[in-house]
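Student: Sequence first, predicted model second:
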6 protein chains.
Amino acid sequence: MDAVSRFPIPDLDALPEDIRSRIAAVHEKAGFIPNVFLAWAHRPDEFRAFFAYHDALLEKDGGLTKAEREMIVVATSSLNHCQYCVIAHGAILRIRAKHPLVADEVAINYLHANLTPRQRAILDFAVKVAERSHEVTEDDFATLRGHGMTEDDIWDAGAIAALFALSNRMSNLMALRPNAEFYTMGRLPASEGIGANSR
Amino acid sequence: MDAVSRFPIPDLDALPEDIRSRIAAVHEKAGFIPNVFLAWAHRPDEFRAFFAYHDALLEKDGGLTKAEREMIVVATSSLNHCQYCVIAHGAILRIRAKHPLVADEVAINYLHANLTPRQRAILDFAVKVAERSHEVTEDDFATLRGHGMTEDDIWDAGAIAALFALSNRMSNLMALRPNAEFYTMGRLPASEGIGANSR
Amino acid sequence: MDAVSRFPIPDLDALPEDIRSRIAAVHEKAGFIPNVFLAWAHRPDEFRAFFAYHDALLEKDGGLTKAEREMIVVATSSLNHCQYCVIAHGAILRIRAKHPLVADEVAINYLHANLTPRQRAILDFAVKVAERSHEVTEDDFATLRGHGMTEDDIWDAGAIAALFALSNRMSNLMALRPNAEFYTMGRLPASEGIGANSR
Amino acid sequence: MDAVSRFPIPDLDALPEDIRSRIAAVHEKAGFIPNVFLAWAHRPDEFRAFFAYHDALLEKDGGLTKAEREMIVVATSSLNHCQYCVIAHGAILRIRAKHPLVADEVAINYLHANLTPRQRAILDFAVKVAERSHEVTEDDFATLRGHGMTEDDIWDAGAIAALFALSNRMSNLMALRPNAEFYTMGRLPASEGIGANSR
Amino acid sequence: MDAVSRFPIPDLDALPEDIRSRIAAVHEKAGFIPNVFLAWAHRPDEFRAFFAYHDALLEKDGGLTKAEREMIVVATSSLNHCQYCVIAHGAILRIRAKHPLVADEVAINYLHANLTPRQRAILDFAVKVAERSHEVTEDDFATLRGHGMTEDDIWDAGAIAALFALSNRMSNLMALRPNAEFYTMGRLPASEGIGANSR
Amino acid sequence: MDAVSRFPIPDLDALPEDIRSRIAAVHEKAGFIPNVFLAWAHRPDEFRAFFAYHDALLEKDGGLTKAEREMIVVATSSLNHCQYCVIAHGAILRIRAKHPLVADEVAINYLHANLTPRQRAILDFAVKVAERSHEVTEDDFATLRGHGMTEDDIWDAGAIAALFALSNRMSNLMALRPNAEFYTMGRLPASEGIGANSR
């Protein structure tokens, strides 16, 4: 369990230009290359599709806040026992929420985390999508609308849970190892930010 | 449960050109527009990412056969109770496997389906990725290698299960209705094909 | 998984007269002998008890419609992953409901099927009996009464779920193979009927 | 929870002759009328089918011993939380096994009961049929054959588990109350027998 | 499964004085030495801590009755399949409740036991603590308060379920055998008492 | 979810002398008072029993290392979604293992943590005790003996899992909040120790 992935990590120089430059941009912003970028690179088409999907849902403005989006990732990834996603997105959540404790709280038991009623409702819904999506009903939509969420926001919340259903399974398939840097990011009040595109 | 989706279906004419032409191509090949294309169209970036991902894994040659790829979709989608995916990919599986009974067999209980030992092992693995991916071990890889699968084949099998973890959750979120055409496709020996890109 | 059953199929001529004539009647009505009749025949007493039980609950008039009775069979048999019961009773359901899509809808996820509120309530109850009958309470009875069901109707709904708890386990024990004929029955609007006694 | 059943108990005198005489015979043998006979009597056809089925499997000689048959009932009924079946068949098991502790041991955790390896294998199989029959494989058959069981014995073991899948669900549907007599039967070494047909 | 425990049973004479005298007191009161005392004795510090904890919660006056405390033990121990705790505390429950049937009823399915609404609410809560304590919410507290329970009573109910979460796991680890005496205690109306400290 | 506990926190000055001095000792060693000590203090007898039990198992020398003992706590507490135990014992584990990443790895998915085969076997066993102790068999003991564990070591491993079955349920009952200090302890290589008695 010491390698970055069970699958090959390609040489950066051998990668297609668009992938190489995406990785270079993340590297510059974060100061290191998150392992997820290295691990998917041997499949360029899937790399492009995955990160396009990711950016469309996680880097979006409006509706859900970026911290709320990351909470969904952390809560559902923890239920799927995904080492990489909990650690890496836990770091991003701490930074985006500007709160050093929230990621661990959400990962261990979001029912006991310091959340607003709206955040709690979002996570109830996301967890339902993650674990028994076939039982989602109109009642769930009504609850979320009661917290001011639009149809587009509900789609976003469900879609982030769905995307990490994929991402968690891929990371577990690879036994993808989180970079050590993620474990300490955002744990101190003074902690300074990870770039918007890094994960 | 009578609408195509809980979310809006955009007017075809209002869609970006690349999406409109993808839909037109499927329409021509299949003779109808599978609802999945209509339902994702109001989110063009996610539409592009999803179908790019789909094509990279399902339309690929070599390694797993196309029928084996569809078996993974049907077996895991059934466990997730995804109406659209079981019906639509069940149709594609019947056609690609040239076997009118296989889709229902795999959907209900793949352990009692008429499969080769290799197919059985592929589905055991795909179901494990779908349901408890964090327990995937080197032993699972060894079993699949024993059936002649390469690392790339194993990635494909796991990645298809992971992609439909996403797809099933999205379809359930939308309550996506399958087109009536899918129910009867490929059920008769003489049945003629649905195009490679249609789903 | 190619044999009709893991257990012996007796020679029709060697069967007791009452069993042979029951099978002959089904054969004439349906045009083929459903495998369930062959597979239970080596145990004449259990054959008689099972079909007597079956007829008392499934061929009954009044209260639940015959289509509603078959919906219970399909919904609960699918959760038990019973190849034979889902395929054979799916065919009967299509015919009795005069609806080509309803059986697959109910088998995959009855929560997304086109059902009346009463039908939905019946299936909620039947699934509860199938999966956690010890939790059935007076509240469940009250809900069903609210949909116009009598005590006798509630018994019928619960008893059908209970009978197929038995039937599914027996079919799985035998690895009972459905006849190919069932897969296509009732899938076209013009489809004509399977006899009342055939299964 | 004080009534015998949630459903009506018919007047004995109003019952069909065959049912009345079956009940009279049990009454004479056991010294009381087990509630199961009263509770099913308002449905004469189902009463006849159920007890015919029951006798065919539980009162049979050869192959499995009668105590082994009752162990299957107790072990699986406990997992289904069936008040009536655990108490009534627990009493019968104590008597047939001539062992005052075995019924409670099997009901609470058969893995910690004083059983022979053959009995343990029978219960492993019966529990599998009760809880996940679709996963029964040829390997399970091979294990049982290794303990000297024939195909007929395996059918019996599976069929008893299947019959009580039905019986447990019916008893839970009725909230069927066990007779107080059953609780103490067979608990003392000197305890004398309950008749073969009483349950 | 015939030994008292998988772990060593020390010689009584070799035990520390406080433990030996505790055992002697129980022996005198109950007429036999419950095996739990013998089985923990080879770990004197854990013996002392466990029985101190036990007495603080089970032998306490006021708030919950002693019978209610034993009901919690029996209901949760049954769900954990703990042979020793169900049998031994079932005996104590029969005696404390002065009711020969209640222990078996609660062990098999407390939802079908003859309980007061308050007792039913206590067991609902205790089972939730036993099985999914992380989901306990303020609503659960409100329900119990509605049945007249104080904060201290709620702590007691939850703490007894928690203590037997430990006790059940230890007994299962040891495969601890219940004394034969427990099986018959309190089963007859005339049954006379087991001492307050015996278990 | 902002209070330390759902239950009252007594005034330190009002506590019995032995409890007050235990708390003072921890305070001096750790530099703060871990909330668990405050939260149990309103029940002095349970406080004494719990910490006596804890010290007997966690502060013991020989056999299992102290880091191995803490791994058991973290792995099982995470499965029980216990906020306090994962955070507080995660900190202690980082310090005792002198490894800043191990606690998060074990909490999220111990199967993907950097562990020795012996540690992996210990956690497999502890998780089995935590989740389905009634299935522990002699085979589990044999596996652990194969990793050099004595009977006493096996008892310790099982008993720690059992103690935290209690502790997790109590913490969840209280909604016990971890001290903020625990989140960052031991995350940097230079990190210096928390005292042996602090938790």
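Tutor: Good, I have the coordinates. Residues are numbered from 1 along each chain as shown, chains lettered A, B, ... in the order given.
Student: Residue A:106: which element?
Tutor: helix A:102-109 (DSSP states H and E).
Student: Wondering if that helix reaches chain B at all.
Tutor: No: counting by CB under 8 Å from any CB of the partner chain, chain B is not contacted by helix A:102-109; separation bottoms out at 14.0 Å. C-betas here are computed from N, CA, C, even on glycine.
Student: okay, the angle between that helix and helix F:102-109?
Tutor: For helix A:102-109 against helix F:102-109, the angle by axes from the mean of the first three to the mean of the last three CA atoms, to 10 degrees is 40 degrees.
Student: what about helix A:102-109, near chain E?
Tutor: Yes: using CB under 8 Å from any CB, we find that helix A:102-109 touches chain E at residue A:109.
Student: quick one: the residue nearest the centre of chain A and residue B:172, what's the gap?
Tutor: Against the mean C-alpha coordinate of chain A, by CA atoms, centre = their mean, the closest residue is residue A:73 at 4.3 Å. Residue A:73 is 19 Å from residue B:172, where distance means CB to CB, to the nearest Å.
Student: list the buried ones in stretch A:26-45?
Tutor: A:26-27, A:30, A:33-43 (16 or more other CB atoms under 10 Å in any protein chain shown).
Student: what about whichever residue of chain A sits closest to chain C, neighbour count?
Tutor: Proximity of chain A to chain C (CB to the nearest CB) peaks at residue A:134, 4.9 Å away. Per other CB atoms under 10 Å in any protein chain shown, the neighbour tally for residue A:134 reads 21.
Student: Now do the phi/psi pair for the residue nearest to it when sequence neighbours are not counted.
Tutor: Distances taken as CB to CB, 6 or more residues apart in numbering or on different chains place residue B:81 nearest to residue A:134, at 3.6 Å, with adjacent residues excluded. Residue B:81 adopts backbone torsions of phi 60, psi 40, taken as degrees, to the nearest 10.
Student: again, but for residue A:146
Tutor: phi -60, psi -20.
Student: Any idea how many residues pack against the residue of chain A found nearest chain E?
Tutor: In chain A, the residue that lies nearest chain E is residue A:109 (4.9 Å; CB to the nearest CB). Per other CB under 10 Å, the neighbour tally for residue A:109 reads 24.
Student: got a pLDDT number for it?
Tutor: We have a pLDDT of 98 for residue A:109.
Student: Next one: it from residue A:38, what distance?
Tutor: Relative to residue A:38, and taking CB to CB, residue A:109 is found at 32 Å.
Student: Chain A: strands as residue ranges?
Tutor: With DSSP state E as the criterion, chain A has no strands.
Student: Isn't the residue of chain A closest to chain E up against residue E:133?
Tutor: No: if you go by CB atoms under 8 Å, residue A:109 and residue E:133 don't touch, sitting 9.9 Å apart.
Student: list residues touching both of those two?
Tutor: Common neighbours of residue A:109 and residue E:133, using CB atoms under 8 Å, 6 or more residues apart in numbering or on different chains, are residue F:172.
Student: phi, psi of residue A:116?
Tutor: Torsion angles, degrees, to the nearest 10, at residue A:116: phi -80, psi 160.
Student: Look at it and say how many residues are nearby.
Tutor: Around residue A:116 there are 10 residues (other CB under 10 Å).
Student: How about residue A:154?
Tutor: With other CB under 10 Å as criterion, residue A:154 counts 23.
Student: Nearest residue to it in space, please, no chain neighbours.
Tutor: residue A:144 is the one closest to residue A:154 (CB to CB, 6+ apart), at 5.2 Å.
Student: quick one: that neighbour and residue A:157 touch, right?
Tutor: Yes: here residue A:144 lies in contact with residue A:157, judged by CB under 8 Å, at a distance of 7.3 Å.
Student: List the buried residues for the longest helix along chain A?
Tutor: With secondary structure taken from DSSP state H, chain A has its longest helix at helix A:151-174. Going by neighbour count (16+ other CB under 10 Å), the buried part of helix A:151-174 is A:152-174.
Student: Then stretch A:127-144?
Tutor: A:127, A:128, A:129, A:130, A:133, A:134, A:136, A:140, A:141, A:144.
Student: Now that we have the residues you listed, can you turn them into TSV and tack on distance to residue C:66?
Tutor: As requested, those are exported to TSV (distance: CB to CB, whole Å):
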residue	distance to residue C:66
A:127	40
A:128	35
A:129	37
A:130	39
A:133	32
A:134	27
A:136	31
A:140	34
A:141	35
A:144	40
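Student: right, and the pair among those with maximum separation?
Tutor: A:134 and A:144 (17.9 Å; CB to CB).
Student: OK, contacts around the closest residue to residue A:155 other than its chain neighbours?
Tutor: Using CB to CB, 6+ apart and skipping residues adjacent in sequence, the residue nearest residue A:155 is residue B:7, 6.2 Å away. Applying CB under 8 Å, 6+ apart, one finds that residue B:7 lies in contact with A:151, A:155, B:39, B:42, B:174.
Student: The second one reaches residue B:40, doesn't it?
Tutor: No: when contacts are counted by CB under 8 Å, residue A:155 is not listed as touching residue B:40 (10.4 Å).
Student: circling back: spatially nearest residue to the residue of chain A closest to chain E (excluding sequence neighbours)?
Tutor: Using CB to CB, 6+ apart, the nearest residue to residue A:109 is residue F:81, at 4.0 Å.
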